[in-house]
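>>> predicted structure and sequence below. I'll ask about it afterward.
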Amino acid sequence: MNPSTRLLPQLDRDNRFFWTSGADGRLRFLQCQSCAGFIHPPSPLCPQCKSTSVEPVVVPGTGVIDTYTVNHQKWHPAMEVPFVIARVAIDGAPGVILTTNIVGCVTDAVDIGDRVKVVFEQAGDVYLPLFEKLD
Ligand SMILES: [Zn+2]
């Protein structure tokens, strides 16, 4: 997809680590240091145990497509269609499912259960975590 057509997130104190994590090519999610649960979207408070001891941790950057859909609608004149919107279950962060795009392959090549790895698309300060298929 053409990056200029994306709506970029507003960075704040809680989510900045997530959206800038790709600067060093590594994917991070918040982990509660009290109960070890993962937290996404980022929050200063663990929803499970209410601890405020939460820290970004690096995950392997791989995952599995939980489900997906193919968008054919050109929502913006510069938008390149079709493209895949998917939910990816993140390896190393139990319970975290990221809504993202699958890139680097034709849409027909995507299926539920496919293994994928993160690739970052930079847009200013933001590094969007997209995924491509692992062979
Ligand atoms: Zn917790």
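Perfect, I can see it now.
>>> so where's the chain shaky on pLDDT?
For the chain, the stretches flagged by pLDDT under 70 are 1-4.
>>> what residues does it have near the ion?
Taking C-beta under 5 Å from the ion as the contact definition, the chain meets the ion at 32, 34, 35, 37, 46, 48, 49, 51. (Glycine included, C-beta is placed from N, CA and C.)
>>> could you confirm the fifth one falls within a strand?
No. The secondary structure assignment for residue 46 gives coil rather than a strand, going by DSSP: H, G, I helix; E, B strand; the rest coil.
>>> would you indicate which residues of stretch 47-62 are buried?
Neighbour-count burial for stretch 47-62 flags 54, 56, 59, 61, 62 (criterion: 16 or more other C-beta atoms under 10 Å).
>>> now that stretch - C-alpha only, CSV.
Listed next in CSV are the C-alpha coordinates belonging to stretch 47-62 (Å, rounded to 0.1, in the frame of the first residue of the first chain):
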residue,chain,number,x,y,z
PRO,A,47,-5.5,-5.1,32.8
GLN,A,48,-5.0,-8.5,34.5
CYS,A,49,-3.3,-7.6,37.8
LYS,A,50,-3.5,-3.8,37.9
SER,A,51,0.3,-3.5,38.3
THR,A,52,1.9,-0.4,36.9
SER,A,53,5.2,-2.2,36.4
VAL,A,54,5.0,-2.7,32.7
GLU,A,55,8.0,-2.7,30.3
PRO,A,56,8.5,-3.1,26.5
VAL,A,57,10.1,-6.4,25.7
VAL,A,58,11.5,-7.7,22.4
VAL,A,59,9.6,-10.6,20.7
PRO,A,60,10.9,-12.8,17.9
GLY,A,61,9.0,-10.9,15.2
THR,A,62,7.2,-13.9,13.9
